[in-house]
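Peer 1: Give me the fold of what follows.
(one chain, ligands or ions: 1)
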Amino acid sequence: MELFDHPDFDGHEQVVFAHDSNSGLRAIIAVHDTRLGPALGGCRIWRYSSDGEALTDVLRLSRGMSYKAALADLPLGGGKSVMLVTGDRPKTPAMMQALGSAIDRLGGRYIAAEDVGATVADMDQVATRTGHVSGNSGGVGDPSPWTARGVFLSIEAAARHRLGRGVGDLSVSVSGLGSVGGQLCRMLAEAGARLVVSDVRAEAVAAVVAATGAGREAPEAAHRAAVDVFAPCALGAVLNSRTIPEISAKIVCGAANNQLSASSDDALLADREILYAPDYLVNVGGLISVSRPPTGIGDAAAKAKLEAIPATLLSVFEKADAESIAPGAAADALARGRLGM
Ligand code: NAD
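Peer 2: Residues are numbered from 1 along each chain as shown. You can find the predicted model right below:
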C-alpha cells in the first residue's frame with residue numbers, strides 16, 4: 001500500500017494509524033492542513049473492504065475538509081478519521097473511547113465530530129477521553145439539520161442560475177435518506193418540489209414516502225431519474241464515467257462527500273452541460289454548526305455563514321463560466337487560494 005506516493009496524498013501534515021488491542025479499535029486519523037486552525041472533521045465508521053480503501057477515504061475526506069473550511073471562511077483546518085469495522089467486529093463504546101484517547105494524543109490538532117455511521121452517542125463516548133470533540137450531546141448536537149439546510153439553499157441557487165426556476169417548480173431525485181437526505185426531502189417537499197427517492201434501506205424509503213408523498217426509485221437508478229436535480233446524499237464516487245453519461249438531470253447538488261469518483265469527472269459533467277454544485281461547498285452546514293464551540297463563533301454569526309452558502313456557490317459558478325473551467329475546479333482554486341497553496 002502506497003503512502004507518500006498514494007494518488008490521494010496531498011501533502012497531509014499527519015496521518016495516524018490508531019490501534020487499541022483491548023477494544024479492537026482500528027482507525028486512521030488524517031490531518032490535512034492546520035494553517036487556518038485546528039483540523040475539524042467527522043469520524044466515519046464503515047465496513048471497508050480493505051485497509052487501502054480506508055486510507056484513500058480518509059486522505060480524500062480530510063483534504064475536502066480543508067477546502068470546505070477555507071471556502072466557508074472558518075478559522076479551521078481540515079481533518080477526518082475513519083474507523084474500520086466489520087460484521088463480526090462492529091463499533092463498541094470501548095472502541096469510541098479508545099478513539100477518543102488517540103485523538104487526545106494529537107493535542108488538539110484534530111477535533112472529531114459525526115460522519116456516516118457515527119452518532120451523537122458515539123461522540124459522547126469519544127468525549128469521555130478527550131475535549132477535542134464537537135457534535136456530542138453536551139455540545140451543539142446533531143449537525144445534519146444544518147447540512148440539509150445548506151444543500152436546500154444550494155439547490156435553490158443552482159436551479160435559479162441554470163434553469164431560472166425556484167425549488168417549488170423543481171423535480172429532484174434524492175438518493176440516500178439518512179440524517180441529511182431525510183431532512184432535505186422534507187424541506188424540498190414543503191417548498192413544493194416533486195420528489196423521487198431511493199435508499200438501500202426500505203424503511204428509510206417508506207418513512208420519506210409517507211411524510212412527503214415522494215415517488216420511489218431503485219438506488220442504482222437514482223441518477224437516471226428524469227428530474228431537474230440529482231441530489232446524492234448517500235456515499236461518495238456516485239459521479240463516474242459509468243453514471244455521468246446516464247444522468248438526465250441538468251443539476252447535481254447533494255450532501256454526499258466526494259461525489260466525484262475522479263477529479264476529471266467534473267469536466268465530464270461540464271461536457272454534458274450538467275451543472276455540478278461542488279459537494280464540499282454545499283454540504284458545509286454541518287461543519288459550520290460543529291465549529292461553534294471550538295471557534296467561539298456565536299449562533300447568529302454561524303447562521304449567517306449558513307445562509308451565505310448560495311452566494312459562495314454563485315461566485316464559484318461565475319468563476320467557472322469566466323475561466324471556462326468546471327465548477328469543481330473553480331471551487332478548488334478558490335479554496336487553495338484561501339489556504340495560500
Ligand atoms: P447517514 O448514514 O445518516 O445516511 C446515509 C444514507 O444513505 C442511509 O440511509 C443509507 O442507507 C443510505 N445509503 C447507503 N448506500 C446507499 C446507496 N448505494 N444508495 C442509496 N442510499 C444508500 O448519513 P448522513 O449523515 O445523512 O450523510 C449523508 C452523506 O452526506 C454522507 O456522504 C456524508 O459524508 C455527507 N455529509 C453529512 C453531513 C452531516 O451533517 N451528517 C455533513 C456533510 C456531509
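Peer 1: Please make it C-alpha for all contacts and neighbour counts, starting now.
Peer 2: Fine.
Peer 1: if I pick the residue nearest to the spatial centre of the chain, what's in contact with it?
Peer 2: Nearest to the geometric centre of the chain sits residue 257, at 3.5 Å (C-alpha atoms, centre = their mean). Under the criterion of C-alpha atoms under 8 Å, 6 or more residues apart in numbering, the contact list for residue 257 reads 61, 235-236, 279-280, 283.
Peer 1: Enumerate the residues of this structure near the ligand.
Peer 2: Neighbours of the ligand within the chain, by C-alpha under 6 Å from any ligand atom: 115-117, 143-144, 147, 175-181, 198-201, 219, 233-236, 255-257, 283, 286.
Peer 1: how about low-confidence regions in the stretch 201-341 of the chain?
Peer 2: Along the stretch 201-341 of the chain, no part satisfies pLDDT under 70.
Peer 1: for it, what spans make up the strands?
Peer 2: Counting by DSSP state E, counting those that start in this stretch, the stretch 201-341 of the chain has strands at residues 215-216, 229-232, 251-252, 275-276.
Peer 1: and if you look at the stretch 51-200 of the chain?
Peer 2: Going by DSSP E, counting those that start in this stretch, the stretch 51-200 of the chain shows strands at 77-84, 110-114, 171-175, 194-198.
Peer 1: how about the ones you listed in JSON lines, adding distance to residue 324?
Peer 2: Formatted as JSON lines, those follow (distance: least, C-alpha to C-alpha, whole Å):
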{"stretch": "strand 77-84", "distance to residue 324": "28"}
{"stretch": "strand 110-114", "distance to residue 324": "36"}
{"stretch": "strand 171-175", "distance to residue 324": "27"}
{"stretch": "strand 194-198", "distance to residue 324": "32"}
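Peer 1: rank those strands by mean pLDDT and give me the bottom one.
Peer 2: Mean pLDDT is lowest for strand 110-114 out of the strands of the stretch 51-200 of the chain, coming in at a mean of 94.
Peer 1: Output that one as PDB - backbone C-alpha positions only.
Peer 2: The C-alpha coordinates for strand 110-114 follow below in PDB (Å, rounded to 0.1, in the frame of the first residue of the first chain):
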ATOM      1  CA  TYR A 110      -7.700  17.200  15.300                       C
ATOM      2  CA  ILE A 111     -11.200  17.700  16.600                       C
ATOM      3  CA  ALA A 112     -13.800  14.900  15.900                       C
ATOM      4  CA  ALA A 113     -17.500  15.100  15.100                       C
ATOM      5  CA  GLU A 114     -20.000  12.800  13.400                       C
END
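Peer 1: Now do that strand: everything it contacts.
Peer 2: Against strand 110-114 from outside (C-alpha under 8 Å, 6+ apart): 31, 38-44, 79-81, 103, 120, 123, 132-136, 142-143, 290.
Peer 1: Take the residues you listed and keep only those in helices.
Peer 2: Of the contacts of strand 110-114, the ones assigned to helices by DSSP state H are 103, 120, 123, 290.
Peer 1: leaving aside the residues next to it on the chain, what's closest to the third one?
Peer 2: Meaning residue 123. residue 136 (4.9 Å; C-alpha to C-alpha, 6 or more residues apart in numbering).
Peer 1: Among the ones in helices among the contacts of strand 110-114, which one sits closest to residue 153?
Peer 2: residue 290 (19.0 Å; C-alpha to C-alpha).
Peer 1: looking at it, the closest one is touching residue 136, isn't it?
Peer 2: No. Assessed by C-alpha atoms under 8 Å, residue 290 is found out of contact with residue 136, at 9.2 Å.
Peer 1: So the two - more neighbours on which side?
Peer 2: residue 290 (28 against 23; other C-alpha atoms under 10 Å).
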